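> okay, sequence plus prediction incoming.
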Amino acid sequence: MAANKFLGHYKMESSDNLEEFMKTLGVNIVLRKIGMSSYPDLTMEHIEGDHYKINEWTMIKSHIWDFTLGQEFKDKTVDGRNVLTTIKIEGDKLVQIEKPASGKGKVPSYTWELKDNNDLHITYELEGVICNREYKRLK
């Protein structure tokens, strides 16, 4: 499975333009400041077939995505938005799209790709605002 290459444990090392991305998304200033000071760990595990689980955590908060590739699922983001999320494989990338559950609002995307050294790069995109986050593979 193409998604299996993303399996493992990662620690975020750097992030650029996150505050502008969160501001464009409508995240309040308190949550933006918390987000800016957080360096999350992230794990991805294979359950079976196209079923995966991603766990992201910091000292303050954690979030779990339990999903089947290509199938939309209900989720509540760490900033409190109710969304319908789809995570799928596009070429050698993992792409996540979050649509507001209400049908009204902004639709960010998150593109995961592995660098040559197997570290993880995630690009956040919304209305022309791009945030890049770099994660070191721990195992």
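Nice, I can see it.

> what sits up against the helix or strand where Asn132 lies?
Element membership for Asn132, per DSSP states H and E: strand 129-137. For strand 129-137, the surrounding residues in contact (CB atoms under 8 Å, 6 or more residues apart in numbering) are 8-18, 20-21, 24, 42, 117-125. (C-beta placed from N, C-alpha, C; glycine too.)

> try it again at 7 Å.
Contacts to strand 129-137, defined as CB atoms under 7 Å, 6 or more residues apart in numbering, come from residues 8, 10-18, 20-21, 24, 42, 118-124.

> just the buried ones among those residues, please.
Restricting the contacts of strand 129-137 to buried positions leaves 8, 10, 12, 15, 18, 21, 24, 42, 120, 122, 124, with burial counted as 16 or more other CB atoms under 10 Å.

> filter those down to the ones in helices?
18, 21, 24 (DSSP state H).

> before we move on, the earlier item: parallel or antiparallel, list what pairs with the strand holding Asn132.
strand 8-16 (antiparallel), strand 120-126 (antiparallel) (DSSP bridges).

> could you check how far the most centrally placed residue in the chain is from Val78?
By CA atoms, centre = their mean, the chain has its centre lying nearest to Tyr110, at 5.8 Å. According to CB to CB, to the nearest Å, Tyr110 and Val78 sit 13 Å apart.
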